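Asks: structure here, sequence nowhere to be found:
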């Protein structure tokens, strides 16, 4: 048994091949298994463990239990010049999101900007992955999603809105692209799970009990099923709640999908999460020449970095910059997997009867 | 001289006629004067004094000094199926924003969703007014704008991003529409000015000195020109800053307009603010039948309100709800004007040689 603080380093290609084998073993097509794996692998390479390789086992459990349809049999419900609505029919969130993003890029290439809504899906996890697909097409990409109620309204104590992620991706020239990927809670749900699994305390104010007191031990939430007797706090008080609310209205409510208490979580594995999300693209060339735009982006980024620093800060990082730096490093050094993840993935490999990662899992 | 805490109540129609006279006296067409007045009047009726009638004098000064072109001679720079870009050519922000919103609604009626960018404008002030125009067309409306740098990047002390307002407006059936209108700072700039004019202290954390200390006296900022030696804080720390940043990228940077230090404020009056903003519309019927959508909205709103309450809270209000309630009340009772506003408007009326508000100004 490895100590939970220890990590082994596995190279990205080995992990990728392993995850694809695993998804294909439960009925996912090779094409869809690659998309799904790539979205998790990117999070792992960028150092966002909460949306990284530990999700492979979670998602596969959900397929085996029936909560996720491994075929992701998408139906197109509405199709217009700059918008569309698709039903994921309980499929894999990553696959539905990638499909929606492709449609949005295609529509934006002629119309200027477009977004595609998805309903009745499972979570897409690594939000930034899909809008990053727009970079190749010289576009700005964005996304937001609803999720189970965990945040009370301003002045209330009952969870009514989700941590509802938002991501925006904007290209630049010589600087790194700006990649904002944030939840509207002070702390994202999956990050809380990571804290719980590592036995780490959370910063004050992130979790509040149903009587209004702060809680610093995320395992308390886990024991109670993450929903009983405690709520997360919105980032920035009523402003974060307001944004979280708008995401609800423009996803589940607008798409005739599930909202509020009809949404489900990763567990129980036999239930579909029924989340809704938006994938959008903005065609830069429909506003100004792309080449000039990315020069302006560099100028903007360098100006932001040229700021006086608060005490204890050594430099200003733009949104996504640290992750992009880590991504490059981990492509060389490998991805650190902690012991709970290794054990989970090893057990999964045995159960599926697939080859593990040679010498590692 | 009236005490600064005293107010006189003036009925909306009298104020409206007065403001239209004033704008027409400095060369604004009747049509444009009505739009401009209506946007300020709405803020005043909703109890948002910072974007209310006191702005009439500020905007008229800017026209007289040359910072605002009273003709708002818009040029259409780009025009596509679901996007367009217009140059306000230093015109009135309210007029350019209303024009952009009309274009966005027209485009969304066939394409599903659309947005129109505006550059080289003066501020539009009451952000929610323009997306509320979408309600009549059974659409969701949204807007965001850049503004002068007042917020430092996360970890920095130099102002690099603006308070950059965001507004979303979503219709409902029997409940009030949801109207989110927020700045990405903990406190909006114009609200700070109101605090300064009333001698009120601001809550801790809203203003930080260049050495990282909190400042509670907004008059200190005003004395120094609002920009020297102090910065505003983003709502929700790096999340609020991230959103504020994205608004910059998707307005001034994308529209080939001014950004960062090339932006200007209301003062000096002879300089154009050069702000950029987006006005967008989402056609609800392109996702689901409008009549069913507004029923779902009511269901959603009532569920939010059905929350356990934090201590000291008597009920949950949705974004915009308090303002909509106040709007109805003030249509009957009149709009309270404080003595600095009355004095400013009286002086303006004399200078312009126009009829005041009988018995009031």
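Replies: Yes, it's here. Quantities reported herein were computed from a predicted structural model and do not represent experimental measurements.
Asks: can we go C-alpha only for contacts and neighbour counts from here?
Replies: Will do.
Asks: what about residue A:115, which SS state?
Replies: On the three-state scheme (DSSP: H, G, I helix; E, B strand; the rest coil), residue A:115 is labelled strand.
Asks: same check on the one 4 residues further on?
Replies: When states are read from three-state DSSP, the local structure at residue A:119 comes out as strand.
Asks: for it, which residues count as its bridge partners?
Replies: Judged by DSSP bridges, the bridge partners of residue A:119 are residue A:87.
Asks: mind listing the strands for the stretch 201-350 of chain A?
Replies: When secondary structure is read from DSSP state E, counting those that start in this stretch, the stretch 201-350 of chain A shows strands at A:207-209, A:214-215, A:230-232, A:275-283, A:335-338.
Asks: any idea which of those is most buried?
Replies: Counting by mean count of other CA atoms under 10 Å in any protein chain shown, strand A:275-283 has the highest mean neighbour count of the strands of the stretch 201-350 of chain A, with a mean of 30.
Asks: what packs against that strand?
Replies: Here strand A:275-283 touches helix A:93-111, strand A:113-121, strand A:139-145, going by 3 or more CA pairs under 8 Å, 6 or more residues apart in numbering or on different chains; DSSP states H and E.
Asks: just the residues contacting it, thanks.
Replies: A:97, A:100-101, A:104-105, A:108-109, A:112-123, A:130-131, A:134, A:138-147, A:251-252, A:255, A:257-259, A:263-264 (CA atoms under 8 Å, 6 or more residues apart in numbering or on different chains).
Asks: tell me how far residue A:161 lies from residue A:245.
Replies: 6 Å (CA to CA, to the nearest Å).
Asks: so those two - more neighbours on which side?
Replies: residue A:161 (30 against 26; other CA atoms under 10 Å in any protein chain shown).
Asks: spell out which parts of the stretch 151-300 of chain A neighbour chain B.
Replies: The stretch 151-300 of chain A has residues A:152-160, A:168, A:170, A:180, A:182, A:184, A:186, A:211-212, A:235-237, A:239-240, A:242, A:246, A:249, A:253-256, A:260, A:284, A:286-288, A:293, A:296-297 near chain B, with proximity defined as CA under 8 Å from any CA of the partner chain.
Asks: would you turn the strands of the stretch 201-350 of chain A into CSV with mean pLDDT?
Replies: Output for the strands of the stretch 201-350 of chain A, formatted as CSV (pLDDT from 0 to 100):
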stretch, mean pLDDT
strand A:207-209, 72
strand A:214-215, 74
strand A:230-232, 70
strand A:275-283, 98
strand A:335-338, 92
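Asks: now distance to residue B:31 too, for the ones you listed, in CSV please.
Replies: Output for the strands of the stretch 201-350 of chain A, formatted as CSV (distance: least, CA to CA, whole Å):
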stretch, distance to residue B:31
strand A:207-209, 51
strand A:214-215, 54
strand A:230-232, 48
strand A:275-283, 33
strand A:335-338, 63
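Asks: closest to residue B:57 out of these?
Replies: strand A:275-283 (37.9 Å; CA to CA).
Asks: and the angle for that closest one with strand A:113-121?
Replies: Angle, strand A:275-283 to strand A:113-121, by axes from the mean of the first three to the mean of the last three CA atoms, to 10 degrees: 160 degrees.
Asks: paired strands for strand A:275-283, with orientation please.
Replies: Counting by DSSP bridges, strand A:275-283 is paired with strand A:113-121 (antiparallel), strand A:139-145 (antiparallel).
Asks: tell me what residue A:281 is bridged to.
Replies: Going by DSSP bridges, residue A:281 forms beta bridges with residue A:114, residue A:141.
Asks: roughly how far apart are it and residue A:165?
Replies: Noted for residue A:281: a distance of 17 Å to residue A:165, by CA to CA.
Asks: how about residue A:142?
Replies: 11 Å.
Asks: look at those two and report which has more neighbours.
Replies: Neighbour count, other CA under 10 Å: between residue A:142 and residue A:165, residue A:142 has more, with 28 against 23.
Asks: isn't residue A:73 right next to residue A:92, touching?
Replies: No. The pair residue A:73 / residue A:92 is not scored as a contact, 9.3 Å apart, by CA atoms under 8 Å.
Asks: with that, I have no additional questions.
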